[in-house]
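Enquirer: Quick check, what structure comes out for this input:
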Amino acid sequence: MDFINPLANNYTEAYSNATPSYLKNLYEETLATHEHGHLQSSWTQGGFLSFISKLLAPTHILEIGSFTGFSALCLAEGLTEKGELHTIELRKEDAQKAKAAFDNATKAKQLYMHVGDAKQIIPTLNKKWDLVFIDADKTSYIEYYNMVLPLLNDKGIIIVDNVLFHGEVLEDTVKGKSSKAIQAFNEHVLSDQNTEQVMLTIRDGLTLIRKK
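Expert: This is a model prediction of the structure:
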């Protein structure tokens, strides 16, 4: 599933310690028991999300695509005392697993689970976001981006996952609905004169975006 050399992934994991250790059981259980466990953020990627969140000290975090809750709990590490993290998951079963993990977290009262279509839920939240993590259906990435960018605080950051899409965007001819959607998204962001971005080769690719 990972595009980056597995040996490099293992090495970076061995020399990284920013991922909250209390999440190890949730992380490993998802990998071992979930039919789509490979969709979970990698352990080192979780540390990256935690690290960025701690640097930003956000008051409002939005996550589009909760899965079983690992990435949300990593992002929550940097929340201010009165901060809120709102995460949206389309699949009810995954949302229930994430909610169970949230209920046992230290910052449980700061974590808000929303179940349903993100395109319908986001406008109802009435927040300005300090940090946004997009990791949901790839065909909607451009829509999500266009929705959240006006809601991003001036110093806020959008982080987008799977921008390399298993290396498929590197092919001479990009094939497949999701890989084509990711390629279109990458081009859309690059052409946006109102933002600047950097793409990182962490796991399956992450792009960091901020307003100019």
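
Enquirer: Backbone dihedrals for the residue in the chain sticking out farthest from the centre, please?
Expert: Relative to the mean C-alpha coordinate of the chain, counting by CA atoms, centre = their mean, the farthest residue is Asp172 (27.5 Å). The phi and psi torsions at Asp172 (degrees, to the nearest 10) take the values phi -60, psi -40.

Enquirer: centroid residue for the chain?
Expert: Phe133 (3.8 Å).

Enquirer: show me the contacts for it.
Expert: Neighbour list for Phe133: 49, 61-65, 71, 75, 158-161 [criterion: CB atoms under 8 Å, 6 or more residues apart in numbering]. For every residue, glycine as well, the C-beta is placed using N, CA and C.

Enquirer: I'd like the list of those that fall within helices, please.
Expert: Applying DSSP state H to the contacts of Phe133, the entries found in helices are 49, 71, 75.

Enquirer: Please report the distance of the first one from Val163.
Expert: For Leu49, the distance to Val163 equals 15 Å [CB to CB, to the nearest Å].

Enquirer: Could you pull out the strands in this protein for me?
Expert: 60-64, 84-89, 111-115, 129-134, 152-161, 195-200, 206-211 (DSSP state E).

Enquirer: List the contacts of the second one.
Expert: If I follow you right, that is strand 84-89. 59-67, 69, 72, 75-76, 79, 95, 98, 107, 110-116, 118, 121-122, 125, 127, 136.

Enquirer: swap in the third one?
Expert: Counting contacts by CB under 8 Å, 6+ apart, the residues outside strand 111-115 that touch it are 66, 72-73, 76, 84-90, 92, 95, 98-99, 102, 105, 121, 125.

Enquirer: how about a cut-off of 6 Å?
Expert: 85-89, 92, 95, 99, 102, 121 (CB atoms under 6 Å, 6 or more residues apart in numbering).

Enquirer: nearest residue to Pro58 other than its sequence neighbours?
Expert: Asp130 (3.4 Å; CB to CB, 6 or more residues apart in numbering).
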